Every structure is written in structure tokens, then in C-alpha cells.
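Peer 1: here is my input, please return the structure:
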Amino acid sequence: MEIKSVNLEFNEELKPLENPKNIIIHHTHNPELTLVTTHKLHQEKFKWAGIGYNYLIEKDSTIFEARGMYIGAHAKGHNAVAIGIALVGNFDEFLPSSEQLELLIELCTYFMFKYDIEPNKVLGHRELEGVTKSCPGSKFNMDEFRELLKVRISNNNII
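Peer 2: Numbering: from 1, shown residues only. Got it, this is the predicted structure:
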């Protein structure tokens, strides 16, 4: 698994994300976004320091370090304790590609092992209290995804 790093400029100093307890899965909803256009959107429209996600998996299955291991702006009230991973796409309409899904599983299991995060602590944005949007999309079944994580973990004996 390769994670690409790009030097994005943030509008303020970012604080390190230490000992995350959760992983929160998102979709961009707009399937045409990229790392750079998402960064610009979050700065210009939302007035954030920059891209809110910690990691972004584009449609071509490239994994980008967005904020990396710095406190994100992806899930109000959870950013200081959660890694936010977004997939480019609208999963209210379509499912992620098999390549995107595989990389998401790899990225999640990597962080689950590194930070001792259990599968039940991998959440869809919509599963957080007070969230009314469908993120990561109504077609993205979080229960099935957690089962895939459990299988991967048991097959690799990594937790």
C-alpha cells in the first residue's frame, strides 16, 4: 500500500492527532473531486485550514495523505480522536470501486493495528450522533464493511 504525500498549504498550523480511538469513513459526494480540488473547496467554501480529511482515496485508487496525522475537520466533535478517511465518489448512487474498497480495507487495518482500534470503532460519518447526512453514502453498508475488516484481521492475525 502506497500513500502519496503532497505539500498542501494550510491556512493555520495543524495540531498532531495523537492516539486516535476511531476511524470515520466518508465519501466526497461529488465524484469529480480530487485531493487538490477538495483542499481548495474546504478552504474557500467552508473556511477551514484546508482539506478536512486525514486521508483521501481518489477514484483512480491513489491514496493521498491529506492532513495526515493531524487533527482533521471531518466530523464535528470527533476530530481530535478520529482518523477521517474519505473516498472520492457519491455512494448514494454507486458503490466504491473494488480497488477503492480494497485500499480502504488495507488503510483501515493498518491504523487498526497501529492504534489498537477495534472494528466496531470504524464508523460511517452518518453513524455519529447528530449527523443527518447519508455519508459515506446510502449504498455503503457499514455493517458489511466492518465484517470485511474482521475477516481481514482474522486472516492476518494483526489484532
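Peer 1: show me where pLDDT drops low in this structure?
Peer 2: Counting by pLDDT under 70, the ranges of the chain that qualify are 157-159.
Peer 1: for the spatially most central residue of it, give me the backbone phi and psi.
Peer 2: Centroid-nearest residue in the chain, with Cα atoms, centre = their mean: Ile85, separated by 0.7 Å. Dihedral pair for Ile85: phi -120, psi 120, per degrees, to the nearest 10.
Peer 1: nearest spatial neighbour of it, skipping sequence neighbours?
Peer 2: Distance criterion Cβ to Cβ, 6 or more residues apart in numbering; nearest residue to Ile85, sequence neighbours excluded, is Tyr55 at 4.8 Å. C-beta coordinates here come from the backbone N, C-alpha and C atoms, glycine included.
Peer 1: run through the bridge partners of that neighbour.
Peer 2: Tyr55 forms beta bridges with Glu65, Ile85, as assigned by DSSP bridges.
Peer 1: that older thread, residue contacts, the residue nearest to the centre of the chain?
Peer 2: Ile85 is in contact with Ile23, Ile24, Ile25, His26, Tyr53, Asn54, Tyr55, Leu56, Ile57, Leu104, Leu107, Cys108, counting by Cβ atoms under 8 Å, 6 or more residues apart in numbering.
Peer 1: kindly reformat those as JSON lines containing secondary structure and distance to Gly130.
Peer 2: Output for the contacts of Ile85, formatted as JSON lines (DSSP: H, G, I helix; E, B strand; the rest coil; distance: Cβ to Cβ, whole Å):
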{"residue": "Ile23", "secondary structure": "strand", "distance to Gly130": "19"}
{"residue": "Ile24", "secondary structure": "strand", "distance to Gly130": "13"}
{"residue": "Ile25", "secondary structure": "strand", "distance to Gly130": "17"}
{"residue": "His26", "secondary structure": "strand", "distance to Gly130": "16"}
{"residue": "Tyr53", "secondary structure": "coil", "distance to Gly130": "19"}
{"residue": "Asn54", "secondary structure": "coil", "distance to Gly130": "21"}
{"residue": "Tyr55", "secondary structure": "strand", "distance to Gly130": "24"}
{"residue": "Leu56", "secondary structure": "strand", "distance to Gly130": "24"}
{"residue": "Ile57", "secondary structure": "strand", "distance to Gly130": "26"}
{"residue": "Leu104", "secondary structure": "helix", "distance to Gly130": "24"}
{"residue": "Leu107", "secondary structure": "helix", "distance to Gly130": "26"}
{"residue": "Cys108", "secondary structure": "helix", "distance to Gly130": "23"}
